[in-house]
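Enquirer: Whatever this is, show me its structure:
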Amino acid sequence: MNNRRSLANSFCVVAAVLLALAWSIRAAAEESVDEANPTQSAAQSAYNSKPICKSERVIGSNIPKRVCRTQAQIDAERAASQEHMKDVNSQIGRQTGSGGG
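Expert: Predicted structure coming up:
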């Protein structure tokens, strides 16, 4: 039971690190896009800068915290999370497939 809990905690930590990395990559990409395309459309600019706020529960607490992100950040987080889960699933598949029985 402790191994499962430890593994779940490890996945949460890795996911949080990947989300932070995705945010920083997205911010760097937005800066390079802004420099490359100064005539960005108003709709695209609003998409990248308008905050969307919602209450989210923090892991380990029942007290919700107000979190604001742009739609672009939400999309980047979703893509990073999906990529991470693909990696984790492929690693689990390799571990269980090679173990035999």
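
Enquirer: what's the following helix or strand after the worst-scoring helix or strand of the chain on mean pLDDT?
Expert: When the helices and strands of the chain are scored by mean pLDDT, DSSP states H and E, helix 2-36 comes last with a mean of 61. Note on helix 2-36: by DSSP states H and E, the next helix or strand toward the C-terminus is helix 42-49.

Enquirer: can you give me the mean pLDDT across that following helix?
Expert: Averaged across helix 42-49, pLDDT comes to 77.

Enquirer: oh, and call the first residue 31 from now on, that's how I've got it
Expert: Let's use 31 as the start, then, which means that last one is helix 72-79.

Enquirer: Who are the packing partners of it?
Expert: Secondary-structure packing of helix 72-79 (3 or more C-beta pairs under 8 Å, 6 or more residues apart in numbering; DSSP states H and E): strand 94-100, helix 101-129. C-betas here are computed from N, CA, C, even on glycine.

Enquirer: okay, those in TSV with mean neighbour count next?
Expert: Formatted as TSV, the helices and strands packed on helix 72-79 follow (neighbours: other C-beta atoms under 10 Å):
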stretch	mean neighbour count
strand 94-100	12
helix 101-129	12
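
Enquirer: Comparing those, which yields the minimum mean pLDDT?
Expert: Of all the helices and strands packed on helix 72-79, the minimum mean pLDDT falls on helix 101-129 (a mean of 87).

Enquirer: and the angle for that one with helix 72-79?
Expert: If you take axes from the mean of the first three to the mean of the last three C-alpha atoms, to 10 degrees, helix 101-129 sits at 60 degrees to helix 72-79.
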